[in-house]
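J.: Coordinates for the following, if possible.
(chains A and B)
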Amino acid sequence: MSRQLLLATLSVVALNTSPALASNQSDIDALRAEVAAMQNAYQSKIQALENKIATLEQKQTSQIAAIAPAAGTNAAQSIPATSKRRINDNSFNPEIGVILQGKYQNFSEKEGDIAGFALGEEGERGDEGFGIDETELNFSANIDNLFRGSTTIGLHEHHGETEVEIEEAYVETLSLPYGLHGKAGRFFAELGYLNSHHSHADDFADRPLTNRVFLNNNYNDDGGQLSLILPTEIYAEIGAGVYRGEDYPAGGADGNDFGTWSAYGRVGGDIGDNASWRFGLSTLQSDKVSRDGNEDTVNFTGDSDLYIADLRMVYAPTGNNADQELSLQGEYFYRDEDGTYEDSDAGTGAINYDGHQSGWYAQGVYKFAPQWRFGARYSELYNGDTPTGLNGSALDDGGHDPWAAAAMLDWTNSEFSRARLQYNREELANGHEDNQIILQYIMSLGAHGAHAY
Amino acid sequence: MTYRLKKLYKVIAVLGVLIASPSSAHATVNIFACTPEWAALAEDIGGAHVKVKAATTAQQDVHHIRAKPSLLAAMRQADLVFCTGASLEIGWLPILVKKAGGPNVQPETEGWLMAADYVEKIGMMEHADRSMGHVHPEGNPHIHLNPHNILTIAEVLSTRLALIDPDHRADYQANFARFSDAWDKNIVTWQKQGAMLNGQKFVVYHNAWAYLLQWLNMDAAASLEPKPGIPPSAAHLEKLLTTLKGQNVRAIIVTPYENRKAAEWLSTRLNIPILDLPFTVGGNTEATNLTRLFDVTLGTLTAQKVHKNE
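T.: Numbering: from 1, shown residues only, chains lettered A, B, ... in the order given. The predicted structure is shown next:
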């Protein structure tokens, strides 16, 4: 650019200084020749300079290349020469990830109430038709050498309205000694298997009945959790947390004491190179709960204690899950509650309640081709004795144990995109026979952290 | 923020501050090696003073590993995390380190050795987009099949072990010297043996072979994957069939963990053999250590009568 400008100026100057003198053709020709000669001379000089610059540049890069590995080998304590990577101002920005989940759902039954159980808002059956279901925005980054922070903002559609929920907002430790790990803020508590996982990592389009009923899909409350991996050959981990007691199945916390706490223990290991397993026991203890369910028509006030056992096994030939993998997973839930239940729709008034409910699910997912998986799941709930005062209310199961069965087929193009077709058969109350078809996609944009076991 | 949350943050902050001096006296150095080649190298250089846990086997695709319980338990004990880096283990290693790794095995510490940080990488990108498939903007991470890289890493490792376990510094240096002498001689032999491969065309499944091909100046004619990390599709294979017909392709190279179906399909139609290379230590019964890995690899590649799959 500048070279062309220079030449143009030179020629213009050359021509302009002698317009009057150039009275005949030969003068003009001579002048032209002179200008052309000048042009050539400059051109070759510039070319030579350009060549010089190129050689210098090459030398520099090869010098850097020679230094980089050597610097590493000579002084391994001064961590490697990644200096060649360009550092931009935005290198310290948080990792940003977006999960897009869309669904089409079709149900044969109008209602999805579960006999004998009151449901929290998120545990409810979703809306029919097309919907964008849930959009997750995740921001995370190392804060310094000790802490990492992460927040996930969930945008949900609920009966035609967009709701914003802070699903997670926590700091966690990066490098505690002795196998310790701490988390504080709002997060998915370690309870059973599914609870600590985001729904986009699920193997089915919805959660099993147990997690819908007992945990409102996920228990994510404000608090702190500390875990310890024991220094044993076999994997063994224990942990405990304390929470505000605001999220279902807790609720109505006054925020003044440690109203809700959790504890868990886990063991796991390998069976040869082909299989791995994990078994866990956990509990969530909530005192002085006051929570509403079934669209605020059912209130429970009292103490609610939940116990969970979970087992997961993963098998792949030679442990290579790229082409084939079978995962089996199940959880058992037992809930013991002491307090009062009131169903305002049925006009029961507050009825004393001291009883238990339970349930389980089991599922298997088989990856039969690199991009294809098939899965089946069954879940069932058991309601204990219902006090007579609650007969005819939502807490009365009418002698029916609610169950649901699901079959799904999904296609995963890359680790960032998945499409799924699922069929559910749910019999949640006497005479209730719901056939459901769900079509779903899950897409992950931007940064996407690793998934736990 | 409520009072008790504040209290919790305080507790965690105090715990954080407690992470003090790195312990110096080690009976044995526990090494968490992500892949079999680094496990083998750690055994060679560490000798009797190290206990090595290989997180994966040659039959597993290191891109797709679950952060399973046994790996958490191993990470809990690790004094040195010895992996490839360059995002190769990004799907599982970060979760293990965060959950179970101690203060001495965090990134940028002595106990954190990512081999790919120390060698010149192929295919570094200024720009990367997920539409390109599973790409590593940091460059191709499959660095171990160029023996020069192994030597570089061996030296880094011996220095690092001496830092972590200064009591046995002399042993680590001696082990490296012994390794280096033998390896230098081996490289000469392998390069002589591999000279005939110069300019020969090969089809690969994934660009996991880039460093081997570059070292011996072999030519990668095509990848069976349409894009890195995306399994071979019928359309892509048909295209390969057309473009590779008439080209003098010597063989299709596959790793022990890759699906052979696509390779077999192309092999029959193009009438070229499939070469099952060990890829890493333990990739077949003969590739029992790093030296044998290269012996077997060179031997298979240069064999006059190559096994035909029919």
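J.: Does the strand or helix carrying B:L301 pack against any helices or strands, and if so which?
T.: Using DSSP states H and E, B:L301 maps to helix B:290-302. In this structure, helix B:290-302 makes packing contacts with helix B:36-46, helix B:169-194, strand B:274-276, judged by 3 or more C-beta pairs under 8 Å, 6 or more residues apart in numbering or on different chains; DSSP states H and E. Where C-beta positions appear, they are placed from N, C-alpha and C, glycine not excepted.
J.: can you rerun that using 10 Å?
T.: helix B:36-46, helix B:147-164, helix B:169-194, helix B:210-215, strand B:249-254, strand B:274-276 (3 or more C-beta pairs under 10 Å, 6 or more residues apart in numbering or on different chains; DSSP states H and E).
J.: In chain A, which residue is most central in space?
T.: A:H198 (4.6 Å; C-alpha atoms, centre = their mean).
J.: Now do the contacts for that residue.
T.: Applying C-beta atoms under 10 Å, 6 or more residues apart in numbering or on different chains, one finds that A:H198 lies in contact with A:I99, A:E134, A:E136, A:N138, A:T152, A:G154, A:E167, A:E168, A:F188, A:N218, A:G449, A:H451.
J.: go on, A:R212?
T.: Applying C-beta under 10 Å, 6+ apart, we find A:R212 in contact with A:112, A:114, A:117, A:119-120, A:122-125, A:206, A:359, A:379, A:381, A:404.
J.: Please list the members of the residues you listed that lie in helices.
T.: Secondary structure assignment by DSSP state H places none of these in helices.
J.: Run through the residues you listed and flag the ones next to chain B.
T.: Near chain B, taking C-beta under 10 Å from any C-beta of the partner chain as the test, no member of the contacts of A:R212 is found.
J.: Looking at these, which is nearest B:G199?
T.: Closest approach to B:G199 among the contacts of A:R212 (C-beta to C-beta): A:D206, at 57.0 Å.
J.: Wait, the closest one touches A:Q363, no?
T.: No. The pair A:D206 / A:Q363 is not scored as a contact, 11.9 Å apart, by C-beta atoms under 10 Å.
J.: Neighbour count: these two, which is higher?
T.: More crowded of A:D206 and A:Q363, by other C-beta atoms under 10 Å in any protein chain shown: A:D206, with 25 against 21.
J.: For that one, report the pLDDT, please.
T.: pLDDT recorded at A:D206 is 95.
J.: where's the closest residue to chain B within chain A, which helix or strand?
T.: Closest approach between chain A and chain B, counting by C-beta to the nearest C-beta: A:G268, at 2.8 Å. Following DSSP H and E, one finds A:G268 within strand A:260-271.
J.: Which element is encountered next along the chain beyond that strand?
T.: Counting by DSSP H and E, what follows strand A:260-271 is strand A:275-293.
J.: Tell me which strands that following strand pairs with, and in which orientation.
T.: strand A:260-271 (antiparallel), strand A:298-315 (antiparallel) (DSSP bridges).
J.: What residues sit buried inside the shortest one?
T.: When neighbours are counted by 16 or more other C-beta atoms under 10 Å in any protein chain shown, the buried residues of strand A:260-271 are found to be A:T260, A:W261, A:S262, A:A263, A:Y264, A:R266, A:V267, A:G268, A:G269, A:D270.
J.: so who does whatever residue of the stretch 201-310 of chain B ends up closest to chain A touch?
T.: Proximity to chain A, evaluated over the stretch 201-310 of chain B using C-beta to the nearest C-beta, is greatest for B:P231 at 4.3 Å. Taking C-beta under 10 Å, 6+ apart as the criterion, B:P231 is in contact with A:322-323, A:369-371, A:413-414, B:205-206, B:224-225, B:258-259, B:261-262.
J.: Report the mean per-residue pLDDT for stretch B:80-94.
T.: Stretch B:80-94 shows a mean pLDDT of 93.
J.: Could you see whether chain A lies near that stretch?
T.: Yes. Stretch B:80-94 lies within reach of chain A by C-beta under 10 Å from any C-beta, at B:G85, B:A86, B:E89, B:I90, B:G91, B:W92, B:L93, B:P94.
J.: burial measure for the second one, as a count.
T.: The reference is to B:A86. The number of residues packed near B:A86 is 23, by other C-beta under 10 Å.
J.: hang on, the earlier thing: now the buried residues of strand A:260-271 as JSON lines including pLDDT and distance to B:M132?
T.: Supplementary listing: the buried residues of strand A:260-271 in JSON lines, determined by pLDDT from 0 to 100; distance: C-beta to C-beta, whole Å:
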{"residue": "A:T260", "pLDDT": "93", "distance to B:M132": "47"}
{"residue": "A:W261", "pLDDT": "95", "distance to B:M132": "47"}
{"residue": "A:S262", "pLDDT": "97", "distance to B:M132": "43"}
{"residue": "A:A263", "pLDDT": "97", "distance to B:M132": "46"}
{"residue": "A:Y264", "pLDDT": "98", "distance to B:M132": "41"}
{"residue": "A:R266", "pLDDT": "97", "distance to B:M132": "39"}
{"residue": "A:V267", "pLDDT": "98", "distance to B:M132": "41"}
{"residue": "A:G268", "pLDDT": "97", "distance to B:M132": "36"}
{"residue": "A:G269", "pLDDT": "96", "distance to B:M132": "38"}
{"residue": "A:D270", "pLDDT": "95", "distance to B:M132": "34"}
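J.: Domain map for chain A?
T.: For chain A, automatic domain parsing gives the domain ranges A:2-74, A:95-446.
J.: Look up phi and psi at the closest residue to A:N211 other than its chain neighbours.
T.: Among residues not flanking A:N211 along the chain, A:L194 sits closest, at 5.4 Å (C-beta to C-beta, 6 or more residues apart in numbering or on different chains). When read as degrees, to the nearest 10, the backbone of A:L194 gives phi -70, psi -30.
J.: Next up, the contacts around A:Y235.
T.: A:229, A:266-270, A:276-278, A:453, B:68-76, B:100.
J.: returning to what we had before: isn't the residue nearest to A:N211 up against A:S282?
T.: No. Using C-beta under 10 Å, A:L194 is not in contact with A:S282; the gap is 11.6 Å.
J.: related to what we said a few turns ago, reformat the domains of chain A as TSV; add distance to B:Y118.
T.: Converted to TSV, the domains of chain A look like this (distance: least, C-beta to C-beta, whole Å):
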stretch	distance to B:Y118
domain A:2-74	4
domain A:95-446	22
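J.: Quick check: which ranges of chain B have low pLDDT?
T.: Low-confidence segments of chain B (pLDDT under 70): B:1-26, B:126-128, B:134-135, B:304-310.
J.: of all of it, which residue lies closest to chain A?
T.: B:P69 (2.8 Å).
J.: Would you check how far apart that residue and B:R76 are?
T.: 11 Å (C-beta to C-beta, to the nearest Å).
J.: Residues that sit against both of those two, list them.
T.: A:I229, A:Y235, A:A236, A:E237.
J.: quick one on the thing from earlier: from the buried residues of strand A:260-271, which is closest to A:Q25?
T.: Nearest to A:Q25 among those, counting by C-beta to C-beta, is A:D270 at 95.1 Å.
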